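Student: Provided below are the primary sequence and the corresponding predicted coordinates.
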Amino acid sequence: MASLKVLAVALLMCGATVLAQQSGTFGVGRTPTADEIKAWDISIGPTGEELPEGKGTVREGAQLYRSKGCAGCHGANAIDGKAPNLKSKAPATADVWARGRILPLRAPHATTVWDYINRGMPLNREGTLTPDEVYSLTAYLLFINDVIKEDVVLDAKTLPEVKMPIGNDYASLPDWKPKTPRLKGYVETAPPPKK
Amino acid sequence: MGAKRPARREFLKSGAALAGGFTLGAAAPASGQAPASGQEHHSPPMIKEGKDQIAYGERSAHVTSVRIAHGGRPSPDNWGLTFHVAAPLQDSVGVITPSSLHYMGTTRGAFLPDVDPKEHRLMIHGLVDRPLTFTMEDLKRLPSVTRLHFIECAGNRSSRRAKNVQETHGMTSCAEWTGVLLSTLLKECGLKGSATWFVAEGSEEIKGASSMPIAKAMEDCFVAYGMNGEAVRPQNGFPLRLMVPGFEGIFHTKWLRRIKVVDRYYMNYNDYGHLDRDAKTAALSYQIGPKSVITFPSAGQQLPGKGFYEISGLAWSGGGAIKLVEISTDGGKRWQKAEIKGTAQRMAHARFGLMWNWDGKETEILSRCTDEIGQVQPSREQIAKYWNKPYDQTFSVEGLDNSIQPWKIAGDGSVTNGFA
């Protein structure tokens, strides 16, 4: 019995050690400075809170579209280049879903356009555009798709306020839960057919 | 038997296959069977082993199975970008895809970054109590997991133009991945109560980023530095990639450098690419459905004649482990339970087989699977019926395509795409 008691105490102590390890942290990793986080954080969410200072206009964007080489891949009129179209061929009166998969037209937030130009363009010189240049290019692409007027100045305040034509006319993803069918009632959850 | 001997001798003299050497090794001692040269034993030619091959082995020069560019866009393309490259499933055995043959895809076409692991950092920030930056050394100190998982590209869909299983299904592969659970890292940082989504970002030139639910992060995501017993290959995200078991490939962020915990869907460029108008289509567009395909016999292959064959294939699901695979060898009239080889792992390829005697007559073979949560792989006819659409050549599967793939076997043993 005595030895059993010792064993039980020993087991309890082992358990306590494991618990202590689980509830604490491992103490691995380094705390980044606020500046380091700011330098790396290029994610611009729908509210635009991460947007940098600066501003841009449609006119400057039109010039940059040529001087930065955008026209070379996307076409002089943002249509029929080797790279994806940036202007819809359909009239502005058409349903937005029928106007093609055009980023500066179909995106639900203008911040997505800014974010993508900033992180992904121009090809092979990504990350070289200044905030002013990104604001201007975003303005130009939104203008040629009839999303904003020619005299709109985009900055950290006005960009998130741009009303995109899609509005709320898109589906949000369902809450994900483990071990749950992707769509209740879909054919794949029905019993298999017998021919 | 005697009539066959000269043919065998010719075959061996040509040194065509290593296997031939073994065959003769067993047969040679019998009297009167010595080859014309008078040699008692035949040895195959030698593979010249340079220092490189001793240091890091190569497969046999007789094995020529390779990946191919997928979907009509060359990789590398005119700009030197790699887009989509498909694995040769028709030659696959078992469930592990060799790292050299693992399918690959990139956000929009990307250059392959040459990341120095000593310089590489993973930063976790946003809605956490303690933002943290990890070196690769840091990550390797933490408790690890090793799990078998498939990855599949959303573009992995069969068409009637596809000529073989590499074209219809090659944008999926399965490997053994090793790394640290994302929940371990997020607990280390202390998750705030308002956290509902996270954004994962790669370090390639486009810095591809996707939004994912925090529930998935805490369930089974991990950051992987190991693949099939060695470091993750550059094409698969060296030195670190995110694993999001069962979700479509693009979420498995390669060259992972940053995780930002947020309180809303962030609508990154990759997220924009997932936009759907219809809620049902959207729901079918991120967790992979139950899916299977017969890899042998499959389109482009040729059966030498009637007789015994083990039908072989792969099954997988984003919903969990594969529980049942059924095969029809008569165009879908009757279904037989296939044997699952070994233990099917969750969100991993499972290898299945069925013993089959082909009578030499034209037929169609199909496979379908059921996963641990009861999802059953549908046929395209069933899917069309669900959407109230006619099933004709214009029909396209909504969301990720996990429909049953038919293979036609002609009387001459040639195998072709049943959708053609």
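Tutor: Received the coordinates, thanks.
Student: Please make it C-alpha for all contacts and neighbour counts, starting now.
Tutor: Fine.
Student: Chain neighbours aside, what residue packs nearest to residue 144?
Tutor: Reading this off chain A. In space, and not counting its chain neighbours, A:Ile144 is closest to A:Lys87: 6.6 Å by CA to CA, 6 or more residues apart in numbering or on different chains.
Student: Oops, wrong one, chain B.
Tutor: B:Val180 (4.7 Å).
Student: a helix runs through that neighbour, doesn't it?
Tutor: No - the assignment for B:Val180, made by DSSP: H, G, I helix; E, B strand; the rest coil, is strand rather than a helix.
Student: and the residue nearest to A:Ile144, what does it touch?
Tutor: Contacts here follow CA atoms under 8 Å, 6 or more residues apart in numbering or on different chains; on that basis A:Lys87 touches A:Asn77, A:Ala78, A:Ile79, A:Ile102, A:Pro104, A:Leu105, A:Leu141, A:Ile144, A:Asn145.
Student: Would you quantify the distance from the residue nearest the centre of chain A to B:Gly331?
Tutor: Compute the mean C-alpha point of chain A, and by CA atoms, centre = their mean the closest residue is A:Thr112, 5.5 Å away. Distance from A:Thr112 to B:Gly331, counting by CA to CA, to the nearest Å: 48 Å.
Student: got it, and A:Pro165?
Tutor: 48 Å.
Student: Who has more neighbours out of those two?
Tutor: A:Pro165 (20 against 16; other CA atoms under 10 Å in any protein chain shown).
Student: is it true that the more buried one touches A:Val147?
Tutor: Yes - using CA atoms under 8 Å, A:Pro165 is in contact with A:Val147, at 6.9 Å.
Student: Next, show the common contact partners of these two.
Tutor: A:Leu105.
Student: Show the contacting residues for the nearest residue to B:Arg161 once chain neighbours are set aside.
Tutor: Closest residue to B:Arg161 apart from its sequence neighbours, by CA to CA, 6+ apart: B:Ala420 at 6.4 Å. By CA under 8 Å, 6+ apart, the contact list for B:Ala420 reads B:Ser159, B:Arg160, B:Arg161, B:Ala162.
Student: If you go by neighbour count, which of those residues are buried?
Tutor: With neighbours counted using 16 or more other CA atoms under 10 Å in any protein chain shown, the contacts of B:Ala420 contain these buried positions: B:Ser159, B:Ala162.
Student: wait, which of the contacts of B:Ala420 is closest to A:Arg59?
Tutor: B:Ser159 (45.4 Å; CA to CA).
Student: and the closest one, that one's in a strand?
Tutor: No - secondary structure of B:Ser159 (three-state DSSP): coil, not part of a strand.
Student: Hmm, B:Phe419 and it touching each other?
Tutor: Yes - between B:Ser159 and B:Phe419 a contact is recorded at 6.8 Å, counting by CA under 8 Å.
Student: Number of residues surrounding B:Glu339?
Tutor: Neighbour tally, B:Glu339, other CA under 10 Å: 16.
Student: Contact partners for it?
Tutor: B:Val325, B:Phe352, B:Gly353, B:Leu354.
Student: beta partners for it?
Tutor: B:Glu339 has the following beta-bridge partners by DSSP bridges: B:Gly353.
Student: Give me the distance between B:Phe284 and chain A.
Tutor: Quick fix: residue B:284 is Leu, not Phe. Per CA to the nearest CA, to the nearest Å, B:Leu284 is found 6 Å from chain A.
Student: Would you report the backbone torsion angles of B:Ile322?
Tutor: phi -80, psi 130 (degrees, to the nearest 10).
Student: Tell me, how many residues neighbour the nearest residue in space to B:Thr168 that is not next to it in sequence?
Tutor: Nearest non-adjacent residue to B:Thr168, counting by CA to CA, 6+ apart: B:Ser158, 4.1 Å away. By the measure other CA under 10 Å, the count of residues near B:Ser158 is 24.
Student: mind listing what B:Thr281 touches?
Tutor: B:Glu398, B:Gly399.
Student: Surely A:Ala110 and A:Met164 touch.
Tutor: Yes - counting by CA under 8 Å, A:Ala110 touches A:Met164, with 6.9 Å between them.
Student: neighbour count winner among those two?
Tutor: Applying other CA under 10 Å to A:Ala110 and A:Met164 shows that A:Ala110 carries more neighbours, namely 27 against 20.
Student: so is the residue most central in space within chain B in a helix, a strand, or just coil?
Tutor: By CA atoms, centre = their mean, the mean C-alpha position of chain B lies nearest to B:Ser173, the distance being 1.3 Å. Following three-state DSSP, the label given to B:Ser173 is strand.
Student: hang on, the earlier thing: could I get the contacts of B:Glu339 as a markdown table with pLDDT?
Tutor: Formatted as a markdown table, the contacts of B:Glu339 follow (pLDDT from 0 to 100):
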| residue | pLDDT |
| --- | --- |
| B:Val325 | 98 |
| B:Phe352 | 98 |
| B:Gly353 | 98 |
| B:Leu354 | 98 |
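Student: Including neighbour count, could those go into a markdown table?
Tutor: Output for the contacts of B:Glu339, formatted as a markdown table (neighbours: other CA atoms under 10 Å in any protein chain shown):
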| residue | neighbour count |
| --- | --- |
| B:Val325 | 28 |
| B:Phe352 | 29 |
| B:Gly353 | 21 |
| B:Leu354 | 19 |
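Student: quick one: which of those is nearest to B:Glu119?
Tutor: B:Phe352 (43.0 Å).
Student: Could you measure from that closest one over to chain A?
Tutor: Taken as CA to the nearest CA, the span from B:Phe352 to chain A is 19 Å.
Student: quick one: low-confidence ranges for the stretch 1-150 of chain B?
Tutor: For the stretch 1-150 of chain B, the stretches with pLDDT under 70 are B:1-40.
Student: how about the helices in it?
Tutor: Per DSSP state H, counting those that start in this stretch, the stretch 1-150 of chain B carries helices over the ranges B:5-13, B:18-27, B:51-55, B:136-141.
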